[in-house]
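Asker: Pasting the sequence and the predicted model now:
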Amino acid sequence: MAVNVEVLEKLERKITLNVPVNAIQSEVESRLKRLARTVKMDGFRPGKVPMSVVAQRYGHSVQYEVLNDQVSAAFNQAANEAQLRVAGQPRISEKEGSAEGFVDFEAIFEVFPEVKIADLSDLEIDRVNVNVDDAAIDRTIDILRKQRRTFAQRGKEDAVQDGDRVTVDFEGKIDGDAFAGGKAEGFAFLVGEGQMLKEFEDAVRGMKVGESKTFPLAFPADYHGAEVAGKTADFLVTVNKVEAANLPEVTDELAKSLGVEAGTVAGLRDDIRKNLEREVKFRVQARNKQAVLDALLTKAELDLPNASIQSEIARLEQGAREELRQRGIKDVDQSPIPAEIFRPQAERRVRLGLVVAELVRSNELQATPEQLRAHVEELAASYEKPEEVVQWYYSDRNRLADAEAVVIENNVTEFVLQKAKAVDKTIGFEELMNPQAPATEEA
């Protein structure tokens, strides 16, 4: 029988479902009989409860379950016959005036949209490249040296310098009043590494053991401590101890201590280069992918299913609450979080998902088993036992699905870059690894 689909508005549709009464009654009787074999009731032996008693006790709930199942089955069958791609759950309500022997229902629902993607050939997209040079390797070695540095106490007349470990007492007040977290004794930090606010480091730099200083400190408006955010405090700081850092020399001994198989400085540099090139590849892919997706949205025309948006908003809200919970905030589930603040992000995610899915479907950009295997092996290569990491991915369907999604997005990125006008742009290693750093283009 042909299904009559009524278009209500944009993506909203309505169909009428006819469920035979005898099918409902037959299934109800069948379930009650199965229930009677196992149900336990006072005054009756198991399996000996009369059907009339079982029907009286459980008939209403069983009929409700059967009706839901029958209506769901009827809706799925109708949607399949009409070749509808349903977005979200339908809203189903019983109709009045059903034909004899039937119970009629109306199902109102949304369908996924037709996605129209315009010609990509006039898109201009920056495709970044990054070279792992000796300077990048040197910077990484310096980080490894800092992780193994030791400290020796400076003389009393030596002033605090960047890189020193300083132990201080401090107390801050706002308008003469102390505030939570504004006082500490024997507090140690490394100068010049951003562990403290800049004004605090600037004040301590150049001081000597035993010296005290009072200075103003303006807390940023977005400071994590809401009580002091955007306010200015007066701090009294006293330097108790200053320790200079001693970094290990770059020798074969250092390479061995870092677990380098070759046990040489050359081997250390080779290992670092391989690891950096792997990390750079992933970051370059992510950056180019973002540029492609941003550009792709300008070429896509589609309506968004509200059901998909609401589902994405719910996911984002749940994620935000989970993040608050991990920060130790109590009663997170009761915290008021306006759902609408997630709408722009949810709409973008839904739009991107639909556009990417259409590109994948129409251009056969699915991940091949070979691509997936190569990607997982590349992810595992930086671990001590890569084969165990590969097995870890393949032993869990969800983990493997996450890896597959990345491969598909990479396929889409390459496809779009081939169709569009890709402008190759080489950027510095530091800019890639630290996007907030000043941009520096290389020749």
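Answerer: Yep, it's here. Numbering: from 1, shown residues only.
Asker: what about residue 239, which SS state?
Answerer: strand (DSSP: H, G, I helix; E, B strand; the rest coil).
Asker: Backbone dihedrals for the nearest residue to it once chain neighbours are set aside, please?
Answerer: Closest residue in space to residue 239, ignoring its immediate chain neighbours: residue 207 at 4.8 Å, by CB to CB, 6 or more residues apart in numbering. Heads up, the C-betas are built off the backbone N, CA and C, glycines and all. Backbone torsions of residue 207, given as degrees, to the nearest 10, read phi -80, psi 160.
Asker: shouldn't residue 207 be in contact with residue 215?
Answerer: No. In this structure residue 207 lies outside contact range of residue 215 using CB atoms under 8 Å: 10.6 Å.
Asker: okay, and the common contacts of those two?
Answerer: Residues touching both residue 207 and residue 215 (CB atoms under 8 Å, 6 or more residues apart in numbering) are residue 237.
Asker: Could you list the low-confidence segments of the stretch 201-350 of the chain?
Answerer: Under the criterion pLDDT under 70, no range of the stretch 201-350 of the chain is flagged.
Asker: in the longest helix seen in the chain, what's buried?
Answerer: Determined from DSSP state H, the single longest helix within the chain is helix 265-297. Under the neighbour-count criterion of 16 or more other CB atoms under 10 Å, helix 265-297 has 265, 267-269, 271-273, 276, 280, 283-284, 287-289, 291-293, 295-296 buried.
Asker: Helices along the stretch 51-200 of the chain, start to end?
Answerer: Remark: helices assigned in the stretch 51-200 of the chain by DSSP state H, counting those that start in this stretch are 51-81, 134-147, 198-204.
Asker: Out of the ones you listed, which one sits most buried?
Answerer: Across the helices of the stretch 51-200 of the chain, averaging neighbours per residue (mean count of other CB atoms under 10 Å) puts helix 198-204 on top, at a mean of 17.
Asker: Going along the chain from it, find the next helix or strand for me.
Answerer: Sequence-wise, the next helix or strand downstream of helix 198-204 (DSSP states H and E) is strand 212-218.
Asker: So which residue is smack in the middle of the protein?
Answerer: What sits nearest the mean C-alpha location of the chain, by CA atoms, centre = their mean, is residue 319, with 8.6 Å.
Asker: where's that residue, which helix or strand?
Answerer: helix 306-326.
Asker: So which elements touch that helix?
Answerer: If you count contacts as 3 or more CB pairs under 8 Å, 6 or more residues apart in numbering; DSSP states H and E, helix 306-326 packs onto strand 86-94, strand 102-111, helix 343-363.
Asker: which secondary structure elements does the helix or strand just after the longest helix of the chain contact?
Answerer: The helix or strand immediately downstream of helix 265-297 is strand 300-301, counting by DSSP H and E. The contact analysis (3+ CB pairs under 8 Å, 6+ apart) places strand 300-301 against strand 116-117.
Asker: For the strand it packs on, which outside residues touch it?
Answerer: So strand 116-117 is contacted by 296, 299, 300, 301, 302, 355, 358, 359 (CB under 8 Å, 6+ apart).
Asker: Any chance of JSON lines for these, columns distance to residue 65?
Answerer: JSON lines is the format used below for these (distance: CB to CB, whole Å):
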{"residue": "296", "distance to residue 65": "45"}
{"residue": "299", "distance to residue 65": "48"}
{"residue": "300", "distance to residue 65": "42"}
{"residue": "301", "distance to residue 65": "43"}
{"residue": "302", "distance to residue 65": "38"}
{"residue": "355", "distance to residue 65": "40"}
{"residue": "358", "distance to residue 65": "38"}
{"residue": "359", "distance to residue 65": "42"}
